[in-house]
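> Fold the following.
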Amino acid sequence: MKTYILATAAFLTTISLTTTVQAANSEHVRQLLATKQCQNCDLTSAGLVMADLSGANLSGANLTGANLSRANLSGADLRGANLSGASLFGVNLSEAKFSGANLAGADLRNTYLTNAELTGAYLNGTNFQGAVGIPSQIASPEDFYAWGVAEAQKGNQQQAISYFNQAIAIKPEYAGAYLARGVARYQILDRQSAFQDAQVAEKLFTSQNNNPGTQTAQAFIKELQTPVNEKVSTGKPSFIDFLGSLGSVLLQFLPF
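Predicted coordinates:
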């Protein structure tokens, strides 16, 4: 009964919120698409999917809840803009300016952020998973590690390695990131690099008195030293298989 009441309350709340959602100013939308100049515009919940807004001036604009999925915002000026709850999935944001912008709860998955300026942006709850070119100053080593594990589980080993690289660059003693990167490298048949990562991970785990980590790294090293023709199967286990067998060690580094 309690569950039913909570579900009903949530449903009614959703209806109430839906009826009061502010719509974008249609004239402002037309102005933006025609001129790419829309400072301080009201674009609340605007539908701008796949729009070409490269170099657009949207400084101070209200884009709360707007849908900009797959749009091109490269070089756009979004300084001081409100993008809270906006969908920016797959957007090209290279060289875009976000200083002082509000990106709370925004969806920036699979975006391109190369040379994007995010200094002073509010990023609480922003989803950067799968994004390329994430500035190291806006994410923790644990964030990069978690994104790397997520990408590796999906089979995107190169992207996973890129995230593990960033985690290690920020935190050179991150033993788990070395171990996870070694596993990802093993998946793309780079056994030499995987072996080097496993060795570094073993040394770091040992120096950190992490016995389970040391033992896991040693087991991985042994796996890498076993000639392929001596194995029962030449097929390589998936990252998920490794995550299952090494899970207690790898998962301890996730930020939750």
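
> what comes up buried for the helix or strand containing A150?
Applying DSSP states H and E as the criterion places A150 in helix 141-153. Using 16 or more other C-beta atoms under 10 Å as the burial criterion, the residues of helix 141-153 that qualify are P141, E142, D143, F144, Y145, A146, W147, G148, V149, A150, E151, A152. For the C-beta atoms, the positions are set from N, CA and C on the backbone; glycine is no exception.

> okay if I get those residues as a markdown table plus pLDDT and distance to I168?
Conversion of these to a markdown table gives the following (pLDDT from 0 to 100; distance: C-beta to C-beta, whole Å):
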| residue | pLDDT | distance to I168 |
| --- | --- | --- |
| P141 | 92 | 8 |
| E142 | 90 | 12 |
| D143 | 88 | 13 |
| F144 | 90 | 9 |
| Y145 | 91 | 9 |
| A146 | 87 | 14 |
| W147 | 88 | 13 |
| G148 | 89 | 10 |
| V149 | 87 | 14 |
| A150 | 84 | 17 |
| E151 | 86 | 15 |
| A152 | 85 | 15 |
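
> Return, as residue ranges, the portions of the stretch 151-256 of the chain with sub-threshold pLDDT.
Screening the stretch 151-256 of the chain residue by residue with the criterion pLDDT under 70, one finds the ranges 228-256.

> and if we set it to 90?
Judged by pLDDT under 90, the stretch 151-256 of the chain has its weakly predicted residues at 151-156, 159, 187, 189, 211-213, 215-217, 219-220, 222-256.

> quick revisit: can I get the buried residues of helix 141-153 in CSV with distance to R191?
Putting the buried residues of helix 141-153 into CSV (distance: C-beta to C-beta, whole Å) gives the following:
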residue, distance to R191
P141, 26
E142, 28
D143, 29
F144, 24
Y145, 22
A146, 26
W147, 25
G148, 19
V149, 21
A150, 24
E151, 21
A152, 17
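
> Show me how far the helix holding A150 is from its chain's centre.
8 Å (C-alpha atoms, centre = their mean, to the nearest Å).

> same for it, what does it pack against?
Packed against helix 141-153 by the contact rule (3 or more C-beta pairs under 8 Å, 6 or more residues apart in numbering; DSSP states H and E) you find helix 157-170, helix 175-187, helix 239-250.

> Who are the packing partners of the second one?
Applying 3+ C-beta pairs under 8 Å, 6+ apart, one finds that helix 175-187 contacts helix 141-153, helix 157-170, helix 191-207, helix 211-225, helix 239-250.

> closest one to M50 among those?
Of all the helices and strands packed on helix 175-187, helix 157-170 sits nearest to M50, with 23.0 Å by C-beta to C-beta.

> Pull the residues that contact the closest one.
The list of residues contacting helix 157-170 from outside it, by C-beta atoms under 8 Å, 6 or more residues apart in numbering, reads 130, 132, 134, 136, 139-142, 144-145, 147-149, 151-152, 174, 177-178, 180-181, 184-185, 187-188, 239.
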